[in-house]
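J.: Predicted model and sequence follow; I will ask about them next.
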Amino acid sequence: MREKEIAKLKDYKYGFATDIESIKAPKGLNKEIIKFISEAKKEPKWMLDWRMKAYERLKNLKEPNWQKPKYPKIDYQDIYYYSAPKSVSEKPKNLDELDPKLLETYKKLGIPLQEQQRLNGIAVDAVFDSVSVATTFKDKLNDVGVIFCSISEAIQKHPGLVKKYIGSVIPLTDHYFATLNSAVFTDGSFVYIPPGVKCPMELSTYFRINASQTGQFERTLIIADKGSYVSYLEGCTAPMRDENQLHAANVELVALDDAEIKYSTVQNWYPGDKDGKGGIYNFVTKRGLCKGVNSKISWTQVETGSAITWKYPSCVLKGDNSSGEFYSIAITNNHQKADTGTKMIHLGKNTKSKIISKGISAGFSDMTYRGLVDISLKAKNSRNYTQCDSLLMGNKCGAHTVPYIKNKNSESNIAHEATTSKISEDQLHYCQQRGLNPEEAVGLIVNGFCKEVLQQLPMEFAVEAQKLVGISLEGSVG
Amino acid sequence: MEEQLKIDFEKLLENSNFSKKNVEIKRKSFNNFIEKGFPNRRQENWKFSDLNQIISKNIKNLSFYNDLSKPNKIDQSIFIDSLEHNKIVFINGRIEKIEFDYEEKNKIEILDDLVLEKPNNNNNSLIFLNNAFVCKYFKLIVKKNYSLKKPLFIYNITNKDLVSKSINLKVDVLLEENSYLKLVELSNDKSVTNFININYNFDVQKNSILKNYKIDNNSNSNIKYYFNNINQDTNSVVEVFLLSSGSEFIKNEINCCLNGKYASAFVNGVFILNKSKHHEIKTNINHLAEYTKSYQLIKGVLEDNSKAVYQGKIFVNSKAQKTDGYQLSKAILLNDNTEFNTKPELEIYADDVKCSHGSASGNLNENLIFYLQTRGLNYQEAKKLLINGFLLDVVEKITDSEIKKLIKNIMSLKQ
Amino acid sequence: MLKIKNLKADIENKSILKNFNLEIKPGEVHAIMGPNGSGKSTLSNILSGKKGYDVSGEVLFENKSLFDLETEERAHKGIFLAFQYPLEIPGVNTNIFLKTSLNAIRKARGEKELDAIEFLKLVKLKAQNLKFDEEKLNRQLNVGFSGGEKKKNEILQMSILNPKLSILDETDSGLDIDALKIVADGVNSLRKKDNSFLIITHYQRLLDYIKPDYVHVLMEGKIIKSGGPELALELEKKGYENFN
């Protein structure tokens, strides 16, 4: 079993590194570096001032330490905060100008950037280390008024929108990693859907960390104006490296009256080797604001990668009748650790939220669901339903459920259910009797366990996620 | 407050004759408490109930020395007369009566003047406070194979003389193999604004049964903290029922270790709160051996500005395969200013277990009220009937029929 | 096809099967009847490869020892067990389960795997034959199925997987008379000169519809009597208690 396990782990098929010349800012975190980043991106002064404000604020903040997975102290002066492929120091106007090595990289990752190679019209923004290298289908989106570009480009071309909304959901005064991101964020995607527009295709960003000793600090901002709809997908991978790399992203979503945002993530950062060496620290802040009445934000995540995953995609339900959803599958194997969940903050009347979380732990890993449901005094007639199920494989791993439930409103209802179980011997025997080998049987049962969440994913992602669920648990059946 | 603490502590040592060993331990505990102070919301355990704030808001000039030299008069009318029982009576923190009229004398032993345990690394500052200020620490032993014929009632009485004091009691109960104890604790408070801090240690050995019913029903302005530490050996059964209703603030903390195979613990409780009362139940059930079982059901009915908190944790270590753990909390919020906070937590390291928890809170089901109204009840009657049924569900879990009847009477629940 | 010699099986130091012998030739239908606790289910568990038993003796399937094979390998070789209590697998669509199972077996046999369309055609046909409600195939496997539906689902799976040796473990229990007939028809339609059946049952009722070639009476882990179909009737008349 052991050898097989090792062989399987070698199969992290995104573990290759691209040999490409890059421009890096010197290591370390200081005002000069922040200026360097801002200049490299040709940012206006207000943006630099904003970053500096965050940096000042950061000095007084401490890293949080309440989470279950502990990690060795990070030396923030020993990280590169900016790394960009040399060939894109000027963002290419079209794909023909893009470095073939980059095209090849994305092709290998299964994300062809040439539009004609895309199957069913998904527009992609490809972020490589600290910069966005290409955005596809821009023209087609332009026709309906949808803005989909890198955040750097948006800061230059749509400063009004960026200025109005950046930091409006995750303020500068938030926790350590969010504030760090505000100071040093490099690139990410920007989406604006104008009033009444249903975005004609899925939008997607593909994040790739390539350079070593480099942190990735992307920032994504999505604004759905009145009555609009958008579905957005995010994928991520990184090469196999012995060191731990920090990924501290901020994602802000704003939904105005009657707007809906669906945000899906398949997170497959390098998880480290079987002994827990290397892997990404995925410390991400994702928050959506249902600002308008009848607005809706739905998070779906499949978290299989990273050495440590630590994130709580949340919804602030401010508008009356707004609703938030969180669907999550988190799988940890070997020495991976995850502490993930959501926060549903009910502020408006008749607000609804739904949380479905499926956690699976195997090997020596540790998994925590942590969540908050907070119904405030004014959130009359609000509803929450939460279901957290955990599946354990073996007795060297742990599964924990830590929901915080606060109800200050007599006209609201909260229901929470949680279970922890294992795959029964009888279920396995039944599947094996029908000809499935133990790994296939486990894959099948686990996919069944996760079904409610997998169903939420857009078709193309769902198939990939299903495979990923199987692969992530390989080697965990004795 | 630190000044007052120091003065009172020295006064206590002066006026009592503790053994040298105990004085030493008390000093250590005292210093530990001084260092930590009353817990506040920055500690996870006290996140929903900031005791430091609650004490400073409710108690003016809290003092810690309590003269126990003079006996108090026992008001006989306080005793329950509907069922025969053994008695231990505390008045204002002083033991006034120990009476085991129904039992074989050599089967029960009471020890006092015990050596205190050394303070360990426990982060709970209130245990240190208790250790430092407790006067008589006593221990009840039920001998091997003995089942008490009648239940034991511990009356915790405070009278009008007691104002703004900190009372600390510490009781150990040892149930030797194959023994059986029903323990009812009734509090009756006529005093105002005291801080009452009680530590219980239950050691429940092989095949023994402990039934512990804690009743706090009389409205009073005291702030209370009960810490119950329970250790269970193989095949033992512990049943706890909490009626959390009378005091201004009360936190019942139950830390239960299921150390032996087939040990099982049942913890049930109800909050019935009005005005500005703020109550908490915190349970920590540790499954440390195979085939252990725990079941918890907590329900609350909240009115006015009251607030209830339930933090319940089920921990299962990797040895405790075949664990069965269940936990459910429900609350009805009758007013807009009430608040129900829960943190039902699972921490599991074994794969062959069945664990689940659930929590729900909200208002009364208006459809049900409407249904009852169509059957001729008025709104208030309908509401009462529904609340009655909601709470009865928990009370019905009490396995001792006599005591169940008593508790139903106290809660004025109808069948 | 199947040869069992001196099979002994213990579970947690309790002896369940003692010196069990049986031979089934291609095309034969054998019935094993016995009271509760006689070891009937243990036999089906052991033949299908369930873990947790201490076994000794010999079980040969097509002259190869079954003990060397994992459960799924036995399934690949053509052993099918219709479970007494079919398992529920939440979230797993019945059709997908069937397709995964069929293709795993086909693959192991070196046959071409069926694509979705070929598979659905096959299932539709088989389901119609068994009067199995096709809508149920889009539901989660056995979740919310009645006892009878679960049993019919087992027979549907059997007819799709087309095994060489089918073991029916108390498939008749919990079935009403209509469902019993459908199940029996399903079995009878699979009777061919190469396919064998081992029918494990408590009552002779099912044997009215599926005529066995041989009947064996199992008591306390041993076959105490073997004979033709008439043995079942005799057993029914006398009852297990007076039989010995």
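T.: That came through fine.
J.: tell me the SS of A:Thr105?
T.: Here A:Thr105 is helix, with the state taken from DSSP: H, G, I helix; E, B strand; the rest coil.
J.: Is it in contact with A:Arg208, as I believe?
T.: Yes. When contacts are counted by C-beta atoms under 8 Å, A:Thr105 is listed as touching A:Arg208 (7.0 Å). Using the backbone N, CA and C atoms, a C-beta is placed for each residue, glycine as well.
J.: Find residues that contact each of these two.
T.: Common contact partners of A:Thr105 and A:Arg208 (C-beta atoms under 8 Å, 6 or more residues apart in numbering or on different chains): A:Phe128.
J.: Can you get me a residue count around B:Ala382?
T.: Number of residues near B:Ala382 (other C-beta atoms under 10 Å in any protein chain shown) recorded here: 21.
J.: From B:Asn274, how far off is it?
T.: Distance, B:Ala382 to B:Asn274, using C-beta to C-beta, to the nearest Å: 19 Å.
J.: Kindly list the single helix or strand of chain B that scores lowest on mean pLDDT.
T.: When each helix and strand of chain B is scored by mean pLDDT, DSSP states H and E, helix B:366-374 comes last, with a mean of 78.
J.: Going by proximity to chain B, name the top residue of chain C.
T.: Residue nearest to chain B within chain C (C-beta to the nearest C-beta): C:Gly52, separated by 13.5 Å.
J.: Roughly how far does the residue nearest to that residue when sequence neighbours are not counted sit from C:Asp54?
T.: Residue nearest to C:Gly52 in three dimensions, not counting chain neighbours: C:Ile11, with 6.3 Å by C-beta to C-beta, 6 or more residues apart in numbering or on different chains. Computed as C-beta to C-beta, the C:Ile11 to C:Asp54 distance reads 7 Å.
J.: ditto for A:Lys45
T.: Counting by C-beta to C-beta, the gap from A:Lys45 to C:Asp54 is 80 Å.
J.: Show me which of those two is the more surrounded one.
T.: For A:Lys45 versus C:Asp54, the count of surrounding residues by other C-beta under 10 Å is larger for C:Asp54: 13 against 8.
J.: Let me know how buried C:Phe193 is, in neighbour terms.
T.: Check again: residue C:193 is Lys, not Phe. 8.
J.: And A:Pro194, by the same measure?
T.: By the measure other C-beta under 10 Å, the count of residues near A:Pro194 is 16.
J.: separation between it and A:Gly167?
T.: From A:Pro194 across to A:Gly167, the span is 22 Å (C-beta to C-beta).
J.: and the closest residue to chain A within the stretch 51-200 of chain B, what does it touch?
T.: The minimum distance from the stretch 51-200 of chain B to chain A, using C-beta to the nearest C-beta, falls at B:Asn123 (14.7 Å). The neighbours of B:Asn123, taking C-beta under 8 Å, 6+ apart as the test, are B:36, B:43.
J.: tell me how far stretch A:45-61 is from the chain's mean position?
T.: The chain centroid and the centroid of stretch A:45-61 are separated by 24 Å under C-alpha atoms, centre = their mean, to the nearest Å.
J.: tell me the mean pLDDT for it?
T.: Averaged over stretch A:45-61, pLDDT sits at 91.
J.: Stretch B:332-346 too?
T.: In the prediction, stretch B:332-346 has an average pLDDT of 91.
J.: Over to stretch A:282-291?
T.: 94.
J.: Check which residues of that stretch are buried.
T.: Buried positions in stretch A:282-291, judged by neighbour count with 16 or more other C-beta atoms under 10 Å in any protein chain shown: A:282-291.
J.: Filter the residues you listed down to just the ones in strands.
T.: Among these, the residues falling in strands (DSSP state E) are A:282-290.
J.: What's the local residue count around A:Asp143?
T.: 8.
J.: what pLDDT does it get?
T.: A:Asp143 is given a pLDDT of 89.
J.: distance of it from chain B?
T.: 48 Å (C-beta to the nearest C-beta, to the nearest Å).
J.: Just read off the phi/psi values of whatever residue of chain C ends up closest to chain A.
T.: When scored by C-beta to the nearest C-beta, chain C has C:Gly91 as its residue closest to chain A, at 3.1 Å. Dihedral pair for C:Gly91: phi 80, psi -10, per degrees, to the nearest 10.
J.: tell me, how many neighbours does it end up with?
T.: With other C-beta under 10 Å as criterion, C:Gly91 counts 20.
J.: Contacts only, for the residue lying closest to it once chain neighbours are set aside.
T.: What sits nearest to C:Gly91 in space, not counting adjacent residues and going by C-beta to C-beta, 6+ apart, is A:Gly448, at 3.1 Å. Residues counted as contacts of A:Gly448 (C-beta under 8 Å, 6+ apart) are C:89-92, C:140-141.
J.: mean confidence for whichever helix or strand B:Leu140 is part of?
T.: Following DSSP states H and E, the helix or strand that holds B:Leu140 is strand B:137-142. The average pLDDT for strand B:137-142 rounds to 94.
J.: For the helix or strand following it, give me every contacting residue.
T.: Proceeding N to C from strand B:137-142, the next assigned helix or strand is strand B:152-158, under DSSP H and E. Residues outside strand B:152-158 that contact it (C-beta under 8 Å, 6+ apart) are B:75, B:78-80, B:85-93, B:100, B:140, B:167, B:169, B:171, B:181-191, B:194, B:196, B:198, B:220, B:222.
J.: Tell me how far strand B:152-158 lies from the chain's centre.
T.: For strand B:152-158, the distance to the chain centre is 13 Å (C-alpha atoms, centre = their mean).
J.: Quick check: next helix or strand after it?
T.: Later in the chain than strand B:152-158, the nearest helix or strand by DSSP H and E is strand B:166-175.
J.: hmm, the strand or helix carrying C:Ile46 in reach of chain A?
T.: If you go by DSSP H and E, C:Ile46 is part of helix C:40-48. Yes. Counting by C-beta under 8 Å from any C-beta of the partner chain, chain A is contacted by helix C:40-48 at C:Ser48.
J.: and that helix, what does it pack onto?
T.: Packing contacts for helix C:40-48, counted by 3 or more C-beta pairs under 8 Å, 6 or more residues apart in numbering or on different chains; DSSP states H and E, involve strand C:2-11, strand C:14-24, strand C:54-61, helix C:71-77, strand C:79-82, strand C:165-169, strand C:196-201.
J.: would JSON lines of those with mean pLDDT and distance to A:Asp187 be doable?
T.: As requested, the helices and strands packed on helix C:40-48 are arranged in JSON lines below (pLDDT from 0 to 100; distance: least, C-beta to C-beta, whole Å):
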{"stretch": "strand C:2-11", "mean pLDDT": "93", "distance to A:Asp187": "62"}
{"stretch": "strand C:14-24", "mean pLDDT": "92", "distance to A:Asp187": "67"}
{"stretch": "strand C:54-61", "mean pLDDT": "93", "distance to A:Asp187": "62"}
{"stretch": "helix C:71-77", "mean pLDDT": "91", "distance to A:Asp187": "49"}
{"stretch": "strand C:79-82", "mean pLDDT": "93", "distance to A:Asp187": "57"}
{"stretch": "strand C:165-169", "mean pLDDT": "94", "distance to A:Asp187": "62"}
{"stretch": "strand C:196-201", "mean pLDDT": "94", "distance to A:Asp187": "66"}
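J.: Any chance you could list what contacts stretch B:59-75?
T.: B:1, B:4-5, B:7-9, B:11-12, B:15, B:55, B:89, B:91-94, B:96-97, B:133, B:135, B:157, B:159, B:161-162, B:164-167, B:193-195, B:223.
J.: one more time with 7 Å, if that's ok
T.: Residues outside stretch B:59-75 that contact it (C-beta atoms under 7 Å, 6 or more residues apart in numbering or on different chains) are B:1, B:4-5, B:8-9, B:11-12, B:55, B:89, B:91-94, B:96-97, B:133, B:135, B:159, B:164-167, B:193, B:195, B:223.
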